[in-house]
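Chemist: Can you look at this prediction? I've put the sequence above it.
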There are 2 protein chains.
Amino acid sequence: MTAKTDFQPAWTEKPPAKKSYRSVFKWGSPDEFKHPSHAWYQMLKDTFGMTDADFETPRFEGNEPVTIDQKIRLTDKQIGHITDIAGKRNVAVDDFSRVKYSHGKTIDEAMELRRQMVRDVPDIVVHPRNKKDVAGIVAFANKEKIPVYVYGGGSSVTFGLRTPKGGIMLVMSTHMNKLLVVNDINQTAVVQPGMMGPAYEAALNSAPEKFNAARRYTCGHFPQSFEYSSVGGWVVTLGSGQASSYYGDAYDLVLSQEYVTPAGNFKTLDFPATATGPKINDMMKGSEGAFGVLVELTMKIFRYMPENRQRFSFMFPSWDAAVAASREITQAEFGMPAVYRISDPEETEVGLKLYGIHGTPVDTVVSLRGYKPMERCLCLGTTEGEKGFARHVRDQVARICKSNGAMTLTGFAMKLWEKTRYKEPYMREDLMDYGIIIDTVESGVTWDNLHRLHQGVRAYIKKRPETICMTHASHFYPQGTNLYFIFILRMVDLDEYQEFHKGIIEAILQHGGSISHHHGVGKLFAPFMEKHLGREQMDILRALKNHFDPNQIMNPGGHLGL
Amino acid sequence: MTAKTDFQPAWTEKPPAKKSYRSVFKWGSPDEFKHPSHAWYQMLKDTFGMTDADFETPRFEGNEPVTIDQKIRLTDKQIGHITDIAGKRNVAVDDFSRVKYSHGKTIDEAMELRRQMVRDVPDIVVHPRNKKDVAGIVAFANKEKIPVYVYGGGSSVTFGLRTPKGGIMLVMSTHMNKLLVVNDINQTAVVQPGMMGPAYEAALNSAPEKFNAARRYTCGHFPQSFEYSSVGGWVVTLGSGQASSYYGDAYDLVLSQEYVTPAGNFKTLDFPATATGPKINDMMKGSEGAFGVLVELTMKIFRYMPENRQRFSFMFPSWDAAVAASREITQAEFGMPAVYRISDPEETEVGLKLYGIHGTPVDTVVSLRGYKPMERCLCLGTTEGEKGFARHVRDQVARICKSNGAMTLTGFAMKLWEKTRYKEPYMREDLMDYGIIIDTVESGVTWDNLHRLHQGVRAYIKKRPETICMTHASHFYPQGTNLYFIFILRMVDLDEYQEFHKGIIEAILQHGGSISHHHGVGKLFAPFMEKHLGREQMDILRALKNHFDPNQIMNPGGHLGL
């Protein structure tokens, strides 16, 4: 263990230089930061055998201005036509726009941009004003066989925005970002796909003032990327929010969708249920821009009742006990908690450090009561809904946790988690400034395969020396859950990183997990799709692709493995 | 009003003659019957201006033995090959088999069979023993371009079993009717598609004895056709059970499916959730045999806790009040009731007669308290799940009903309903013996369009003199419900009936309803599909059809409107 010192790295508090590489890859707001706690800093030094000296000089910060030498391959006539459709102010061909709107937040992208490396960019960036603009551009692009890509909030961690074939990038969040209708009777909202999470939620919360609605509503979808992701993005990548155990995944929240595709434009039926053949609405979910452009959604919304929210946290003696209790909670039919997550022993220790509980009297009491480090497991959650329902679910959760040996930590740890729920991604810039990577993979899994998957993937990650691997289960269903693996390692070589990452996905496949629970496929997981689904099912997706997009202009270049 | 007499028609108590037309169209068990109550009999006479004399002689009973003159168009060699695959005992070419397995329970079919009219039949009926038989037959049929149809429980009311192109009928319920696995950990069941509702439910209820399981389970799916429908049929036609408001529709109950198709055989992923592109599992639901043959399912199952069931019934002063209360119940987020239904004024009156409440002291009390006939509306339901949850939902339902002016009828009316929940269809034979038709249509609808749809469809039906039209809402969602129209009329001419029925569907379309909520599409609703979905969405279904079935052998002849 390294000697404890009072030294703290000079974590950057400086917003990235305007139009710099860093301004592209930095998570979130330019002037917002979250730095590792002192306990985390100690942990990093201990784990990686680093000293204070290693944290004196940040490297590859990427503050240089973006410049590229990729030629624009569209003709002036084509650009002119596109400009005629969308308006001059909504078309950009400058270097920065072309780079910014073709990059998401995948670790690999940050590693490259820090080194001023840019692969593919679109020829032109277009900010459509409405459905008509989109329809006009897609029709023109289809005629001229120009590739079309779609950008929502830009938070993709699967190379979802890469443009290997150049062409047009449609940015949906510039103009097509409005809440159009709040329907009190059906409890639905008609929303444009480029609306960002906070704006959408704020508009629903203030529905009486803004839409003359009878009530306040909530969207029910709060992924960690909430602040920097769009409603359309949630749906086309099959996202899942932190309260999904109660509200459902993005998949469940969509009543109907309107699409512009090369094969025609349509709006799906918006009945709460129909038996009129295979459901088109569901076929389009998860299509990630490869079938067409999502231009409008009718979403289910929920009554906004934060006053009914109940918070709980527990410490389990072991992972087995935490899993057993969680399965009982999801299957016992008293309703589901909203946020609900259990951390494995390693994440529990790291989390206690992250939330600042480590070394406090709470930590002491928990330890004294026999909940041992590297055995004990933290459980956090909330319940929502009508007041009596929320209380009943909380009481039942508590009963089941206790009967599985857990001690209550009251709502304390939950409140700490809520404070930083959207802030953790900010830490990745701090770490990467000193050659440390923090990244995640996640995997849907049935209950009967949870332990095998957890152990198998963890074994692969931990086989690498000096690698932290935290795991939690979140997003619960009666039939299973999602395992979230967060790994931290010291690494600066991209090839080495990609090799390691590929090994994780292969370990997931080998141990029977889904290759993505809620981050979509993009071009990162695309190479694994055929192995995961099998040829016959990939052929079904290909048949749909060929129907919608015979000229292969929609998000071309291997998206979804097509 | 006709004079009351003690005369009762001699409703048939005789099982249909073996291998007769009646044995094909009669609902349910050959020796089970449910006759109209005396109050109903009076109602029929009053409504249709009939007298006891009209009920003295049943007509067109269809007890003649089935004979057909449709030639078998398959060659001996083809039949020999099919026989080699499935075994001699599992292949039939006799007249009765060919008729029985190509007819469901659509009113039109009964009208024709009563007159010894048979349209299309398959050339050969095959009872496959397992997936391998199905795969062999589909591969052979695809090579030889022989049509393949699929028969489950035979309860279709949408011409789901019609075989306009002849060929092979696969009967799934003869051998492929087993529960294979009960998975306690995941709460799932692996089941063959031909298993009938009661056998499936009984096996789940006795899972500890039969599968060494830790608990008893329930399937959660109880359509009115429960006793004569198959698990596979529920899924491929998108059925919905009477307790769907709590358990979900068949759509929601399917974790994964295995299919045999001309384009290859596959089993979909069985993760509780994934973000790996558009979900193949969901694309296959509702495909009604037009894409391939469903050969195995993994279904979600639920803990069997009948001891927790709470029953309630209420009388509302008006339809508006009943609808308002129901919307509040579905949107207030305390959980959903299981069975839940509200009857409009006409159905309430007819229902009181059906359940034998009419004229009893209960009826008197309700009337005295100001709930007026042809204004008041009956509400019935149950709650299920964990004990505290079921009680809390019941209490909240009661609170909301009362605040909307309803008086409680305790669990009384609900218990009467439960007694006959699967028996009502038996009455159609009694009525048809005397030239009276009882039939239903149903339609998914959003809350904000419920009254318009109800009034519009009702106006069309009631425009015809001497026609009873009962409506209830059942199958509830936060965004809407399903309206069930039951109509009774005196009619013997098939063309006249089809014209009238077509008008109802057009009235549904005109007033913004779904053309099917839970009976599927079949060949009955197929002609309306393009108008309902639009060309672009029909083209998507056609693209899938062409992918799976390039030779157009799967359920050919217009199914799903393809």
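Modeler: Great, that's in hand.
Chemist: Flag every residue of the stretch 1-150 of chain A that's near chain B.
Modeler: Within the stretch 1-150 of chain A, no position lies close to chain B (C-beta under 8 Å from any C-beta of the partner chain). C-beta coordinates here come from the backbone N, C-alpha and C atoms, glycine included.
Chemist: Can you list the residue ranges for strands in the stretch 1-150 of chain A?
Modeler: Remark: strands assigned in the stretch 1-150 of chain A by DSSP state E, counting those that start in this stretch are A:91-92, A:124-126, A:148-151.
Chemist: quick one: the helices in the stretch 151-300 of chain A?
Modeler: Remark: helices assigned in the stretch 151-300 of chain A by DSSP state H, counting those that start in this stretch are A:197-205, A:207-211, A:231-236, A:244-247, A:250-253, A:280-284.
Chemist: average model confidence for the fourth one?
Modeler: So the one you mean is helix A:244-247. The average pLDDT for helix A:244-247 rounds to 98.
Chemist: Over to the second one?
Modeler: For helix A:207-211, the mean per-residue pLDDT is 98.
Chemist: who's in contact with that helix?
Modeler: Identification of contacts with helix A:207-211 by C-beta atoms under 8 Å, 6 or more residues apart in numbering or on different chains yields A:179, A:181, A:182, A:184, A:203, A:213, A:214, A:215, A:216, A:217.
Chemist: Can you get me a residue count around the residue nearest to the fifth one when sequence neighbours are not counted?
Modeler: Spatial nearest neighbour of residue A:203, excluding adjacent residues (C-beta to C-beta, 6 or more residues apart in numbering or on different chains): residue A:179 at 4.3 Å. Summarising burial for residue A:179: neighbours were counted as other C-beta atoms under 10 Å in any protein chain shown, giving 22.
Chemist: Now that residue A:179 has come up, it's in contact with residue A:194, right?
Modeler: No - at 11.4 Å, residue A:179 and residue A:194 do not qualify as touching, with contact defined as C-beta atoms under 8 Å.
Chemist: Now do the shared contacts for the two.
Modeler: Common neighbours of residue A:179 and residue A:194, using C-beta under 8 Å, 6+ apart, do not exist here.
Chemist: picking up where we left off before, out of the helices of the stretch 151-300 of chain A, which is the most enclosed?
Modeler: helix A:231-236 (a mean of 30; mean count of other C-beta atoms under 10 Å in any protein chain shown).
Chemist: Does that helix reach chain B?
Modeler: No - Helix A:231-236 lies out of reach of chain B by C-beta under 8 Å from any C-beta, never closer than 9.9 Å.
Chemist: now the helices for the stretch 301-450 of chain A?
Modeler: A:319-331, A:345-354, A:361-368, A:387-403, A:412-419, A:427-433, A:450-463.
Chemist: Quick one: those as JSON lines, columns for distance to chain B, mean neighbour count and mean pLDDT too.
Modeler: Output for the helices of the stretch 301-450 of chain A, formatted as JSON lines (distance: least, C-beta to the nearest C-beta, whole Å; neighbours: other C-beta atoms under 10 Å in any protein chain shown; pLDDT from 0 to 100):
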{"stretch": "helix A:319-331", "distance to chain B": "5", "mean neighbour count": "22", "mean pLDDT": "98"}
{"stretch": "helix A:345-354", "distance to chain B": "21", "mean neighbour count": "22", "mean pLDDT": "90"}
{"stretch": "helix A:361-368", "distance to chain B": "29", "mean neighbour count": "13", "mean pLDDT": "88"}
{"stretch": "helix A:387-403", "distance to chain B": "4", "mean neighbour count": "19", "mean pLDDT": "98"}
{"stretch": "helix A:412-419", "distance to chain B": "20", "mean neighbour count": "18", "mean pLDDT": "89"}
{"stretch": "helix A:427-433", "distance to chain B": "21", "mean neighbour count": "22", "mean pLDDT": "97"}
{"stretch": "helix A:450-463", "distance to chain B": "9", "mean neighbour count": "18", "mean pLDDT": "98"}
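Chemist: how about these, which one is nearest residue B:269?
Modeler: Residue B:269 sits nearest to helix A:450-463 of all the helices of the stretch 301-450 of chain A, at 14.1 Å, using C-beta to C-beta.
Chemist: Look at the residue in the stretch 1-150 of chain A that chain B sits nearest to and report its pLDDT.
Modeler: Chain B sits closest to residue A:135 of the stretch 1-150 of chain A, with a gap of 12.4 Å, by C-beta to the nearest C-beta. Looking at residue A:135, its pLDDT stands at 98.
Chemist: before we move on, what about residue A:356?
Modeler: What the model reports for residue A:356 is a pLDDT of 76.
Chemist: For it, grab the count of nearby residues.
Modeler: 15.
Chemist: distance between the ends of stretch A:374-388?
Modeler: By C-alpha to C-alpha, to the nearest Å, the extent of stretch A:374-388 from end to end equals 37 Å.
Chemist: go on, stretch A:195-212?
Modeler: With C-alpha to C-alpha as the measure, stretch A:195-212 spans 20 Å from end to end.
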